[in-house]
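A.B. asks: next one to model:
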Amino acid sequence: MPSIEEIENEIVQEFDALPDIDAKYAHLFSLGEALPVMDPALKNGDTLVRGCQSALWFHFSLENGQCHLQTDSDSMVIKGIAALFVRLINGQDPEAVANIALDFIDRIKVWKLASNRNNGLLAMLDHIKKEAERLSVHDQASQKEFLGS
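C.D. replies: As a prediction, this is how the structure comes out:
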């Protein structure tokens, strides 16, 4: 499994290969549209990303020590950004996910504000880090239970 940094670099190269901002947005929208439909039951107060102007839901799960993210949004741009996070997070361990940064968003050049100045992106990152921490604690507890410690 490629590291998060390797996936970020792949994403940046993918967007750099596009000829202009319109093509970049079209690609971002297509990534969001390609996401699997999120079960409406998972769209609740626990999965709602607070601090984002658009409605955005992140549902995290842990399977065999690997994180999985399901997401949806009412905004095409945010749903596309969320699809990038799905790509980064799925299959990674919680510790790696807890260290995700936003600089790759600046590098794909589809965002007008620097990522560290955008409340919505910071809210996404905060939600991701909290969920990764929660999953890490859960995974460690499961391992101790399995080992009989």
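A.B. asks: find the least confident helix or strand in this protein, judged by mean pLDDT.
C.D. replies: helix 119-147 (a mean of 76; mean pLDDT, DSSP states H and E).
A.B. asks: quick one: the strands in this structure, in order.
C.D. replies: 56-63, 66-73 (DSSP state E).
A.B. asks: put together a markdown table for the ones you listed, with mean neighbour count on each row.
C.D. replies: For the C-beta atoms, the positions are set from N, CA and C on the backbone; glycine is no exception. Converted to a markdown table, the strands of the chain look like this (neighbours: other C-beta atoms under 10 Å):
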| stretch | mean neighbour count |
| --- | --- |
| strand 56-63 | 18 |
| strand 66-73 | 21 |
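A.B. asks: any chance of a markdown table for these, columns mean pLDDT and distance to residue 50?
C.D. replies: Formatted as a markdown table, the strands of the chain follow (pLDDT from 0 to 100; distance: least, C-beta to C-beta, whole Å):
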| stretch | mean pLDDT | distance to residue 50 |
| --- | --- | --- |
| strand 56-63 | 95 | 9 |
| strand 66-73 | 96 | 14 |
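A.B. asks: mind putting those in TSV, distance to residue 31 included?
C.D. replies: Below are the strands of the chain laid out as TSV (distance: least, C-beta to C-beta, whole Å):
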stretch	distance to residue 31
strand 56-63	15
strand 66-73	11
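A.B. asks: which one of the ones you listed lies closest to residue 27?
C.D. replies: With respect to residue 27, and counting by C-beta to C-beta, the nearest of the strands of the chain is strand 66-73 at 16.7 Å.
A.B. asks: parallel or antiparallel, list what pairs with that closest one.
C.D. replies: strand 56-63 (antiparallel) (DSSP bridges).
A.B. asks: tell me the centre residue of the chain?
C.D. replies: In the chain, the centroid-proximal residue (C-alpha atoms, centre = their mean) is residue 85; its distance is 2.4 Å.
A.B. asks: my read: that residue touches residue 67, true?
C.D. replies: No - applying C-beta atoms under 8 Å as the test, residue 85 and residue 67 come out as separate, 10.6 Å apart.
A.B. asks: any shared contact partners between the two?
C.D. replies: Overlap of the contact sets of residue 85 and residue 67 (by C-beta atoms under 8 Å, 6 or more residues apart in numbering) is empty.
A.B. asks: who's in contact with the residue nearest to the centre of the chain?
C.D. replies: Residue 85 neighbours (C-beta under 8 Å, 6+ apart): 58, 69, 71, 100, 124, 128.
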